[in-house]
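Novice: Just a sequence and a predicted model for now, questions to come.
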Amino acid sequence: MIDIQTFMLALGVGNTAFALLMAGYMRGAAPNPALRTWMWARLSSGLAQICCWVAPHVGLPIAEELAAFGWVGGVALELASYCVFFGFRNWRRILAPATVAALIIVAAAALAQASREQMTQVVAVIVALFASGAAAILLRPQADAPLLQRVIGVNDALFAIAIWIWMAVANGGVGMFNTNPVYGFAYLASYLLMIVNGFGFLLLCKLKDDQRMQRLATIDGLTDMLNRRAFFERAESALQTAVRLRKPIALMMLDLDHFKQLNDGFGHACGDEALRLFADTARATLRENDVIGRLGGEEFALAMPGTSLAGAQYAAERLRIAVAEAPALTCAATYRMTVSIGLVMIDPNEELTAALARADHALYAAKTGGRNRVEIGAPLLRRA
């Protein structure tokens, strides 16, 4: 038989252990404000639960009051950690006044010398409200939300529901697991919250860090396009798929005209603006399944799966015109950005690097032929 005091001790030790675990994890990891806030939330909740266990043994009312403040602080910090994790703006304007109001309510109850049952009810209502807020954040409509986020959100929602049921049926009293199933449901929900949310948020932060590292490894930081390595991987995959399905695939090399003069005359910051403008223009012009990446400097490559020569030539001309009609740079109003393009069709038996070399020759022809033009490269010569 487990009474609520023993259960509070188990929760307190568990939450404090989670806080120490997270503190150790963060010492060897990159700074993570959300995880640091979550650590303090777990520590606050753990100390509050330990105070709940200590209070009847020492007979000090201040232990009960510290427990109440610790509970409120813990759930408020937990909600704050979600706000930090998702990068919400102006969340302090809502959460800070709500937390202050909750603490004032707890202080007023303590000054009014509320009984232990009454203080428990006050804190339970506050905790349920904050848990409901956390569930709303985690379960809000998001197309790319990971399953782990939904699991934590459902857990918060179940915890809030458990508290409301406990308040309605048990009326804020205390009891044993085997004497009232309502207590068992509420206590088990609390323990589930500690385990799932404790490990869950840690894994959620790690998942976000992994995604960030994956992005850094594949995306060019300036243009938000694929970097050289990622482009070759995606283009090679597109080529293999095209060969397997016996579909055509076009390949282009693209180079911004007079880019060196822009950098020399207006500075590298202006050149960076031109690269970003080109990237935005290309994204607005090309299809979603087109593979474009920055190979280095002002040089880009584009693979267009399932596109014939005529279709690729039309797409290249459309991109060339869109670049020429793009808004003037804020740093160099006299510079009009244009792009030269070399276009080839990849032969089914051709390596990607060989096709890129042919596209580069076509690009050179476009450059020497006057720039701001599309040049179609010669087809691959087959050996007799």
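Specialist: That came through, no problem.

Novice: which SS state does the residue lying closest to residue 228 once chain neighbours are set aside fall under?
Specialist: Spatial nearest neighbour of residue 228, chain neighbours left out: residue 295 (5.0 Å); criterion: C-beta to C-beta, 6 or more residues apart in numbering. Bear in mind the C-beta positions are built from the backbone N, C-alpha and C, glycine included. Here residue 295 is recorded as strand under DSSP: H, G, I helix; E, B strand; the rest coil.

Novice: Check the one 5 residues further on too.
Specialist: In terms of secondary structure, residue 300 is strand; the call rests on three-state DSSP.

Novice: Report the contact partners of it.
Specialist: 225, 253-255, 278, 282, 292-294 (C-beta atoms under 8 Å, 6 or more residues apart in numbering).

Novice: Inside helices: which ones of those residues?
Specialist: The members of the contacts of residue 300 that map onto helices under DSSP state H are 278, 282.

Novice: got JSON lines for the contacts of residue 300, with neighbour count, pLDDT and distance to residue 154 too?
Specialist: Formatted as JSON lines, the contacts of residue 300 follow (neighbours: other C-beta atoms under 10 Å; pLDDT from 0 to 100; distance: C-beta to C-beta, whole Å):
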{"residue": "225", "neighbour count": "24", "pLDDT": "94", "distance to residue 154": "37"}
{"residue": "253", "neighbour count": "27", "pLDDT": "97", "distance to residue 154": "50"}
{"residue": "254", "neighbour count": "27", "pLDDT": "97", "distance to residue 154": "47"}
{"residue": "255", "neighbour count": "20", "pLDDT": "96", "distance to residue 154": "52"}
{"residue": "278", "neighbour count": "24", "pLDDT": "95", "distance to residue 154": "44"}
{"residue": "282", "neighbour count": "20", "pLDDT": "95", "distance to residue 154": "41"}
{"residue": "292", "neighbour count": "22", "pLDDT": "96", "distance to residue 154": "39"}
{"residue": "293", "neighbour count": "24", "pLDDT": "96", "distance to residue 154": "39"}
{"residue": "294", "neighbour count": "25", "pLDDT": "96", "distance to residue 154": "41"}
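
Novice: Tell me how many other residues crowd the residue nearest to residue 228.
Specialist: 20 (other C-beta atoms under 10 Å).

Novice: doesn't residue 301 make contact with it?
Specialist: Yes. Applying C-beta atoms under 8 Å as the test, residue 295 and residue 301 come out as touching, 5.4 Å apart.

Novice: Per the annotation, how does the chain divide into domains?
Specialist: By the assignment in automatic domain parsing, the chain contains the domains 4-218, 228-376.

Novice: pLDDT averaged over the longest one - what is it?
Specialist: The average of the pLDDT scores along domain 4-218 is 83.

Novice: how much distance is there from it to the middle of the chain?
Specialist: 22 Å (C-alpha atoms, centre = their mean, to the nearest Å).

Novice: Skipping adjacent residues, who's closest to residue 299 in space?
Specialist: Counting by C-beta to C-beta, 6+ apart, the residue nearest residue 299 is residue 255, at 5.3 Å.

Novice: What residues are bridge-paired with the one you found?
Specialist: Taking DSSP bridges, one finds residue 299, residue 340 as the beta-bridge partners of residue 255.

Novice: what about it, distance to residue 267?
Specialist: 20 Å (C-beta to C-beta, to the nearest Å).

Novice: Which strand or helix spans the spatially most central residue of the chain?
Specialist: Closest to where the C-alpha atoms of the chain average out (C-alpha atoms, centre = their mean) is residue 208, at 5.3 Å. Taking DSSP states H and E as the definition, residue 208 sits inside helix 181-218.

Novice: Check which element follows that helix along the chain.
Specialist: helix 228-245.

Novice: Go through that following helix and flag the buried ones.
Specialist: Using 16 or more other C-beta atoms under 10 Å as the test for burial, helix 228-245 gives 230-232, 234-235, 238-239, 242.

Novice: for the host helix or strand of residue 264, packing partners?
Specialist: Using DSSP H and E, residue 264 falls within helix 259-266. Contact here means 3 or more C-beta pairs under 8 Å, 6 or more residues apart in numbering; DSSP states H and E; on that basis helix 259-266 packs against helix 268-285.

Novice: any idea how far residue 330 is from residue 250?
Specialist: Taken as C-beta to C-beta, the span from residue 330 to residue 250 is 34 Å.

Novice: Who has more neighbours out of these two?
Specialist: Shown here are residue 330 and residue 250; by other C-beta under 10 Å, residue 250 has more neighbours (27 against 9).

Novice: The residue nearest to the centre of the chain: what's its closest spatial neighbour, skipping adjacent residues?
Specialist: Nearest to residue 208 is residue 85, by C-beta to C-beta, 6+ apart, at 7.4 Å.

Novice: Can you name the next helix or strand after whichever strand or helix holds the one you found?
Specialist: Element membership of residue 85, judged by DSSP H and E, is helix 61-86. Following helix 61-86 in sequence order, the next helix or strand is helix 92-111 (DSSP H and E).
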